[in-house]
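Trainee: sequence first, predicted coordinates after that:
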Amino acid sequence: MTTSWVERAVLVGVVVVLFAAVLLLMRRGWRARARRQADIPMPSGAPVAAIRWLDEPVDGRYLSSTRAGDWLDRIVVHSMGVPSRARIGRDIDGVWIERQGAADLFIPAASLIGARLDRGIAGKVYEQGGIVTITWRLGGTEIDTGFRADAPVRHEEVVADINAVLAKGPSPVRPASGGVQ
């Protein structure tokens, strides 16, 4: 049987059109989700120079943030749904997630609810304990933020550090950093 170039071109065209349609539907869904999440305020942030690391930050990957308790309800507003290379650490007033290619994220100690080891977030699933999940409040919304260290053996250390910030609470005075709090 010989190949008809016309048939092949038509089939390739159909596949390209279907692929483009799927991409457009995904974009439409992402924008609809952003409209539904318009009530979520922008997280705090400050220039990286203002971070006063208490210990060595841990390199890894910021996976995503979701509404607490619903590991598939990704938050897309304020670039919180964008996975990126990151490093996580704590300073005296909270937890920092310094991200590449997306806005850094500061979680004030007063907003922390807790940290734990988990298995998955926003469609990413790993072995048990393969993700550090930080639960915190942003405005009136409880959020789970997922982080995976380059060296997963450090996950327990990260959870302990975050829970130490929670136990201590914020310091009484935070120097002006030029960022929004």
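Mentor: On my side now, so go ahead. Numbering: from 1, shown residues only.
Trainee: how about the helix or strand hosting residue 7: buried residues?
Mentor: Assigned by DSSP states H and E, residue 7 belongs to helix 5-36. Within helix 5-36, no residue counts as buried by 16 or more other C-beta atoms under 10 Å. For every residue, glycine as well, the C-beta is placed using N, CA and C.
Trainee: tell me the helices and strands packed up against it.
Mentor: Taking 3 or more C-beta pairs under 8 Å, 6 or more residues apart in numbering; DSSP states H and E as contact, there are no helices or strands that helix 5-36 lies on.
Trainee: looks like residue 138 contacts residue 39 (just checking).
Mentor: No. Using C-beta atoms under 8 Å, residue 138 is not in contact with residue 39, being 10.5 Å away.
Trainee: looking at the two, which is more packed in?
Mentor: Comparing residue 138 with residue 39 by other C-beta atoms under 10 Å, the one with more neighbours is residue 138, at 21 against 9.
Trainee: so which residues of this structure form helices?
Mentor: Here the chain has its helices, by DSSP state H, at 5-36, 155-168.
Trainee: can I get those helices in CSV with distance to residue 82?
Mentor: As requested, the helices of the chain are exported to CSV (distance: least, C-beta to C-beta, whole Å):
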stretch, distance to residue 82
helix 5-36, 11
helix 155-168, 20
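Trainee: output the ones you listed as TSV; include the columns mean pLDDT and distance to residue 79.
Mentor: Shown next, in TSV, are the helices of the chain (pLDDT from 0 to 100; distance: least, C-beta to C-beta, whole Å):
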stretch	mean pLDDT	distance to residue 79
helix 5-36	91	11
helix 155-168	84	21
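Trainee: closest to residue 132 out of the ones you listed?
Mentor: Ranking those by proximity to residue 132 (C-beta to C-beta) places helix 155-168 first, at 4.9 Å.
Trainee: output the contacting helices and strands for the closest one.
Mentor: Checking 3+ C-beta pairs under 8 Å, 6+ apart, helix 155-168 ends up next to strand 84-91, strand 94-99, strand 112-118, strand 131-138, strand 141-149.
Trainee: and the angle for that helix with strand 131-138?
Mentor: Using axes from the mean of the first three to the mean of the last three C-alpha atoms, to 10 degrees, the direction of helix 155-168 lies 20 degrees away from that of strand 131-138.
Trainee: numbering from 302 from now on, please.
Mentor: Okay, using 302 as the starting number, the last item reads as helix 456-469.
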